[in-house]
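Asker: Sequence first, predicted model second:
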Amino acid sequence: PNGIYPIHYSGKVELSIKGAKLINCPDGRKVTKNKMKRKCLDVNIKKQLSQNGLTLEVKAQKAGACLKDMKIILPGGQPNYEEQFEEDPEKIVFNQDYLDYLKDFRVLRLMNFMYASPRLPDECIAVQKWSSIKEKGRNAKDVKIDWNKLTPEAKNCVKDESYNRTPENRAKLSDATWGVNWNTDKRNWRGAPIEVAAELIKQTGANPWVTIPHNASDEYIKLMATKLAKIKEHNKDLKVHVEYSNEVWNGRFWGAKYINAKTEDPVKDYSRKTLITILQRLDDLYKAERTAAEEAGDTEKVKEVTARYKRHKKPFRDKINAKVAAEIKTYVDLSLNAFGIFEEVLGADSISRTLGTNQKDPTRTRKMLQYLNGEKKLDQVDAVATATYFHGCWGSSEMESEPCKDYLKDKKKKGLYSLNTPDEVMDLLLDEDNPEGIPEVINQMKLQQEVLQSKDFEKAKIDLVAYEGGQHLTLDNMPPDLKANASPEKKKQLIKLIHSTNVHKRMKDGYREFIEGWMDTGGKSLIQFTMTQSQSQYGSFGLSKHLNDRESPKHSVVKKYSKIFCNGGK
């Protein structure tokens, strides 16, 4: 917002600013109550920030002089923000607009806030590439990198313990910044300190959903639990959702590769990529033979072909299942360790021990529970968390998923690539036949519930919760061949269409059907990804575009149902 921003700082330096005026504060005070230097910024942005924003320059008055402990303070606040800092320079203060936005929600997932799920570090990507080239002894352009099979050098990079989260190696209140820079090694990204996360939970009265970093030490996990336990002094009904890592099946994330690297591969003679390729080729052969037999009207041949291909595929499918089962065991064991530490500190009644699963893979859910059941540890898990994302098929692509190809065989159906208006996009999202749409997502949730409520696991009374979800309209979902061939003008048109759909009045209908469908399946906590976020080429995930945008279609519906969830004890 425009206004007068007090600046507190120390050190023998001179400040200058581009994009605003650096002035003596209107009240005439040049020193703070705790003897720091004091200036003010007069910010008056008529339309929007320029591309370079506001630039603050610092010049030392003599060699070796440093800027120290600078705070640029937002105008206003109740009580006044500057007064709070002058009363206690170490006080953790939140923007009141931020707190007002969050007050409607009862569970806050702190994963991105604390940067607990980093993407695969660039350094490890480079190690995988170069060690693959070295292993195969060819030029870089001739080597296809198999990301499903890490080289020994890449495994060492992925699980390098020198980057572990520990009480010493973590975000601290005294750090110069809690922000991140894309030029910085992702292994050193830390997010906000635990103390700040705990204070946010205390001030909002919400329940925290904490994602334990994949490489967290036991001491760090205990520190997290201990900081959150102090909130019980103010909220005796505190419930902490505890989740180890995030999407450990998603190879984009460091946590997924960490699990892979920590798991002893039971099938070393085949990589997962090789096994998948073999199964795909067998499927293609099977379809060709079966189709020929059906066209010839030879039912006996159809039976023979089906039986033969089942026999041929079984050993390769068994090998993939063995790999998946081994990684599931690693993930579940590490999760149980984190749960145990939190339970020891907070008590069983104050935590919800949560395992993550793949939205489209109820088989993974079943395998996790079967492992727990076999170990007689099914009672050590309270919830299974899924994503709940919906979007649409693209069309005009040879690399579309098989369900989308089948959907688009109907000439009346169109993919996102061919749509021109928000109404058309909403029709697609609400189409019961769309394999990526809202009705299908609800069907996916029903399949997850069928596993949790099956006779093998129903006595455990494990809840279905959602760790994140909502609309997922973004060019990142576009099949690679389509993305490569789309012109810049076409991409701009699609981005504009996605942005306008997200603020279209019919998006309310979509979110209403989505949330009511979730409630009908018996789902419990439903986390929306994400709160506020400006629209970009990477999507429009925010419920709102900024903190004071409280009437957006998505936010208004989610706010309404948040009250229903709370009042109904969900």
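Answerer: Good, I have the coordinates. Keep in mind the model is a prediction, meaning the values are calculated, not measured.
Asker: Relative to the whole chain's centre, how far out is the lowest-mean-pLDDT helix or strand in the chain?
Answerer: Across the helices and strands of the chain, mean pLDDT, DSSP states H and E gives its lowest value to helix 122-136, namely a mean of 86. Distance, stretch centre to chain centre, for helix 122-136: 26 Å (Cα atoms, centre = their mean, to the nearest Å).
Asker: Now do residue 51, the pLDDT please.
Answerer: pLDDT for residue 51: 68.
Asker: Spit out the contact partners of residue 79.
Answerer: Listed by Cβ atoms under 8 Å, 6 or more residues apart in numbering, the contact set of residue 79 is empty. All C-beta atoms are positioned from the backbone trio N, CA, C, and that covers glycine.
Asker: residues touching residue 214, list them.
Answerer: Residues in contact with residue 214 (Cβ under 8 Å, 6+ apart) are 244-245, 248, 254-255, 258-259, 334.
Asker: for the following helix or strand past the least confident helix or strand of the chain, which positions count as buried?
Answerer: Sequence order places helix 152-158 as the next helix or strand after helix 122-136, per DSSP states H and E. Using 16 or more other Cβ atoms under 10 Å as the test for burial, helix 152-158 gives 153-155, 157-158.
Asker: any idea of the mean pLDDT in helix 152-158?
Answerer: Here the average pLDDT along helix 152-158 is 95.
Asker: From the contacts of residue 214, which land in helices?
Answerer: The helices, defined by DSSP state H, take in 254-255, 258-259, 334 from the contacts of residue 214.
Asker: ok, the closest residue to residue 440 other than its chain neighbours to residue 94 distance?
Answerer: Closest residue to residue 440 apart from its sequence neighbours, by Cβ to Cβ, 6 or more residues apart in numbering: residue 434 at 6.3 Å. Per Cβ to Cβ, to the nearest Å, residue 434 is found 40 Å from residue 94.
Asker: So for residue 17, what's the nearest residue that isn't a sequence neighbour?
Answerer: residue 56 (5.4 Å).
Asker: I misspoke; the intended subject was residue 530.
Answerer: residue 541 (5.1 Å).
Asker: For stretch 259-271, C-alpha coordinates in PDB please.
Answerer: C-alpha atoms of stretch 259-271 as PDB (Å, rounded to 0.1, in the frame of the first residue of the first chain):
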ATOM      1  CA  ILE A 259      13.500 -42.200  -0.500                       C
ATOM      2  CA  ASN A 260      14.700 -43.900  -3.700                       C
ATOM      3  CA  ALA A 261      18.400 -43.500  -2.600                       C
ATOM      4  CA  LYS A 262      17.700 -44.800   0.900                       C
ATOM      5  CA  THR A 263      15.900 -47.900  -0.400                       C
ATOM      6  CA  GLU A 264      17.800 -51.100  -1.200                       C
ATOM      7  CA  ASP A 265      16.600 -52.000  -4.700                       C
ATOM      8  CA  PRO A 266      15.200 -55.600  -4.700                       C
ATOM      9  CA  VAL A 267      15.400 -55.700  -8.500                       C
ATOM     10  CA  LYS A 268      18.800 -54.400  -9.600                       C
ATOM     11  CA  ASP A 269      18.900 -56.000 -13.000                       C
ATOM     12  CA  TYR A 270      16.100 -53.800 -14.400                       C
ATOM     13  CA  SER A 271      15.500 -50.100 -14.000                       C
END
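Asker: From here on, call the first residue 592.
Answerer: New numbering, starting at 592: the last item is stretch 850-862.
Asker: Show me which positions of it end up buried.
Answerer: Across stretch 850-862, burial judged by 16+ other Cβ under 10 Å covers 850-854, 856, 858, 861-862.
Asker: repeat for stretch 1132-1151
Answerer: Using 16+ other Cβ under 10 Å as the test for burial, stretch 1132-1151 gives 1132-1136, 1138, 1143-1146, 1148-1150.
Asker: Then stretch 873-893?
Answerer: Those buried within stretch 873-893 under the rule 16+ other Cβ under 10 Å are 873, 877, 880, 884, 893.
Asker: from these, which single one is nearest residue 1072?
Answerer: residue 873 (23.8 Å; Cβ to Cβ).
Asker: so what's that closest one closest to, chain neighbours aside?
Answerer: residue 904 (5.3 Å).
Asker: Could you confirm the one you found falls within a strand?
Answerer: No. If the criterion is DSSP: H, G, I helix; E, B strand; the rest coil, then residue 904 is helix and not within a strand.
Asker: so what's it up against?
Answerer: Contacts of residue 904 (Cβ under 8 Å, 6+ apart): 870, 873-874.
Asker: distance of it from residue 870?
Answerer: For residue 904 relative to residue 870 (Cβ to Cβ), the value is 6 Å.
Asker: any chance you could map the helices in the stretch 592-741 of the chain?
Answerer: Assigned by DSSP state H, counting those that start in this stretch, the stretch 592-741 of the chain shows helices spanning 672-678, 687-693, 713-727.
Asker: again but with the stretch 892-1041 of the chain, I slipped
Answerer: Counting by DSSP H, counting those that start in this stretch, the helices of the stretch 892-1041 of the chain are 953-965, 993-999, 1013-1021, 1029-1043.
Asker: Test my guess that residue 943 contacts residue 831.
Answerer: Yes. Using Cβ atoms under 8 Å, residue 943 makes contact with residue 831 at a distance of 7.1 Å.
Asker: Need the residues touching each of those two.
Answerer: Joint contacts of residue 943 and residue 831 (Cβ under 8 Å, 6+ apart) do not exist.
Asker: Looking at the helices of the stretch 892-1041 of the chain, which is nearest to residue 1076?
Answerer: Per Cβ to Cβ, nearest to residue 1076 of these: helix 993-999, 17.3 Å.
Asker: got the buried residues for that closest one?
Answerer: Buried residues in helix 993-999 (16+ other Cβ under 10 Å): 995, 998-999.
Asker: With stretch 1029-1041 instead?
Answerer: Buried, per 16+ other Cβ under 10 Å, within stretch 1029-1041: 1029-1033, 1035-1037, 1039-1040.
Asker: shaky segments in the stretch 742-891 of the chain?
Answerer: For the stretch 742-891 of the chain, no stretch is flagged by pLDDT under 70.
Asker: Going along the chain, name the strands of it.
Answerer: 798-803, 831-835 (DSSP state E, counting those that start in this stretch).
Asker: Identify the residue nearest residue 987 in space, chain neighbours excluded?
Answerer: In space, residue 987 is closest to residue 1008, 4.6 Å off (Cβ to Cβ, 6+ apart).
Asker: List the contacts of that neighbour.
Answerer: With Cβ under 8 Å, 6+ apart, residue 1008 has these contacts: 985-988, 1069, 1073, 1077, 1085.
Asker: What score does it have for pLDDT?
Answerer: Looking at residue 1008, the pLDDT reads 96.
Asker: Can you tell me how far it is from residue 998?
Answerer: 14 Å.
Asker: One more: residue 1079?
Answerer: 28 Å.
Asker: now swap in residue 676 and tell me
Answerer: 57 Å.
Asker: thinking again about what came up before, what helices or strands is the least confident helix or strand of the chain leaning on?
Answerer: Where contact means 3 or more Cβ pairs under 8 Å, 6 or more residues apart in numbering; DSSP states H and E, helix 713-727 is packed against helix 743-749.
Asker: Are there helices or strands packed against the helix it packs on, and which ones?
Answerer: Checked by 3+ Cβ pairs under 8 Å, 6+ apart, helix 743-749 has helix 713-727, helix 845-853 packed alongside it.
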